[in-house]
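Asks: Fold the following and give me the result.
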Amino acid sequence: MTILRDLSVLWSTIHVLVVFLLLFESRYPWKKAMKLTLTGAVPLLTANFLLYLFLKDMRYVFLLVTCVLPSLLFLWSLAKYRDGRFLFTFCFSDTLWLEIIYVTNILDFYLGNQYIFMFLSRLILYPVLEWFLWKNVRPVFFEVQRNITKGWYIFAAISAIFYVMMLLSMSFPTMIMTRPEYLPAFVLQLILMPLFYLQIFITLRRQQQLYETQQKENILNVQVASLRSRIDEFSSANELFRKERHDFRHKMRTIAALKEKGDLEAIGQVVQEYAETLPERLVESYTSHKILDAVLSSHLEWAKRKEIRVSAKLTLPEELPVQEADLATALANALENAIHACTKIGPSQRYIEVKSITHPRFMFQIRNSFDGVIAFDEEGIPLATSKGHGFGTRSIVAFCGKNNAFYEFSAEENEFTMRLIF
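Replies: Numbers count the residues shown, from 1 in each chain. Below is the predicted model:
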């Protein structure tokens, strides 16, 4: 029956590499990385499997020298992150592998040492572990590694200590099964290790969430800065218009004087010059909140220039439940998205409706026509249809997260609706 034991060891040897590769990022393109990894790792693992067969009980003593250190150095040369992130990934992968090795080894020993349980359990547990890592750990782990660069050496050091401690406890000076008085302490180590890793990932996830919050804050700050710049431009335009209105009286007096003289040619010249400098359309005002009014005025004016029918029915409280600049940024992004959506269809079908109410809760709603092509993710957020888009929607979601507001995106036939509820 030793053939089952040897097959289970071979199966485990293969899967220690698979587990690591699921969590490893190479500095080379994927195909080249796989070729280099297999070129170096396969001979190394094969050599260690042969050592296992020939060295028998002494095999675990040489494991650090014959397998761990050579594979560590080889994979380090391929790693994208040559720091604590790589070291933690390496130790984490190996300790997960050892956990299954040792648990199945001990259980098989007390079940009669026939190697049937060892073979079948390892046959199942490694693919289950890899599926779990692929579905639940890999995406978050890669994202955390990209965004968080500090603290990994401490995690790596603790993991390395666990790694060496497990190796020594299991096999030195003899196998743990021949030292039953030490088995309870070793079992506690096997229980403690996954709990330790669980706490590490909770910590890393919280750091990632903090990073995401900071990024969202940065997005909003950039948007607010851009918005303030547009408000300054809007204010300058209004100041120019007020100046023209003030000068209008003087120009009318000039025209009256020329009329008295009967100089029609000069009157025509004055009228022509004034017409060229007069704004084409008065800027509409929608609310007494200056920043919001600037955003609504500029964006709805932009929509009108795009041959979009615009309607706005707004009821706003005197005191807004959120910072005005933040709300203005969210509305600017929503209106910009609505304008872009409208431009994809014919002029006769284009419209944007803006509405707000204060009771029973303060709500902003923007409804617009679009081409009917849209997809939503699991959280009900519209998916970007092309690269470089979707930034405005993410900014709106970030705004809601920051201000404990609710967002709702919906589409029915060729009409899209966005609601912000406070």
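
Asks: What segments of the chain are helices?
Replies: For the chain, the helices defined by DSSP state H cover 2-22, 30-55, 63, 69-78, 84-110, 116-132, 138-147, 152-171, 183-261, 264-277, 290-305, 324-342, 391-403.

Asks: Which of the ones you listed has the highest mean neighbour count?
Replies: helix 324-342 (a mean of 22; mean count of other Cβ atoms under 10 Å). The C-beta positions use only the backbone N, C-alpha and C, and glycine is treated the same way.

Asks: so what secondary structure elements neighbour that one?
Replies: Secondary-structure packing of helix 324-342 (3 or more Cβ pairs under 8 Å, 6 or more residues apart in numbering; DSSP states H and E): helix 183-261, helix 290-305, strand 351-357, strand 363-369, helix 391-403, strand 415-421.

Asks: Show me what the last one is packed up against.
Replies: With contacts defined as 3+ Cβ pairs under 8 Å, 6+ apart, the secondary structure elements packing on strand 415-421 are helix 324-342, strand 363-369, helix 391-403, strand 406-412.

Asks: Next, work out how far apart R146 and K80 are.
Replies: Look at R146 and K80: by Cβ to Cβ, to the nearest Å, they are 9 Å apart.

Asks: ranking the helices and strands packed on helix 324-342 by mean pLDDT, which is last?
Replies: Lowest mean pLDDT of the helices and strands packed on helix 324-342: helix 183-261, a mean of 73.

Asks: residue nearest the centroid of this protein?
Replies: Nearest residue to the geometric centre of the chain (Cα atoms, centre = their mean): E212, 7.1 Å.

Asks: I'd like the distance between that residue and A398.
Replies: In terms of Cβ to Cβ, E212 sits 9 Å off from A398.

Asks: For the stretch 1-150 of the chain, which residues score under the pLDDT cut-off?
Replies: Scanning the stretch 1-150 of the chain with the threshold set as pLDDT under 70 gives 1, 55-66.

Asks: how about 50 then?
Replies: 58 (pLDDT under 50).

Asks: tell me the contacts of S93?
Replies: Neighbour list for S93: 16, 19-20, 23-24 [criterion: Cβ atoms under 8 Å, 6 or more residues apart in numbering].

Asks: what's the answer for S356, then?
Replies: 313-316, 362-365.

Asks: For S285, give me phi and psi.
Replies: Main-chain dihedrals, S285, degrees, to the nearest 10: phi -110, psi 140.

Asks: who touches it in this structure?
Replies: 293, 297.

Asks: again with V103
Replies: Per Cβ under 8 Å, 6+ apart, neighbours of V103: L190.

Asks: quick revisit: now render the contacts of S356 as a markdown table, adding distance to T343 and neighbour count.
Replies: A markdown table is the format used below for those (distance: Cβ to Cβ, whole Å; neighbours: other Cβ atoms under 10 Å):
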| residue | distance to T343 | neighbour count |
| --- | --- | --- |
| K313 | 23 | 11 |
| L314 | 24 | 15 |
| T315 | 29 | 12 |
| L316 | 28 | 18 |
| F362 | 30 | 19 |
| M363 | 26 | 18 |
| F364 | 22 | 21 |
| Q365 | 21 | 17 |
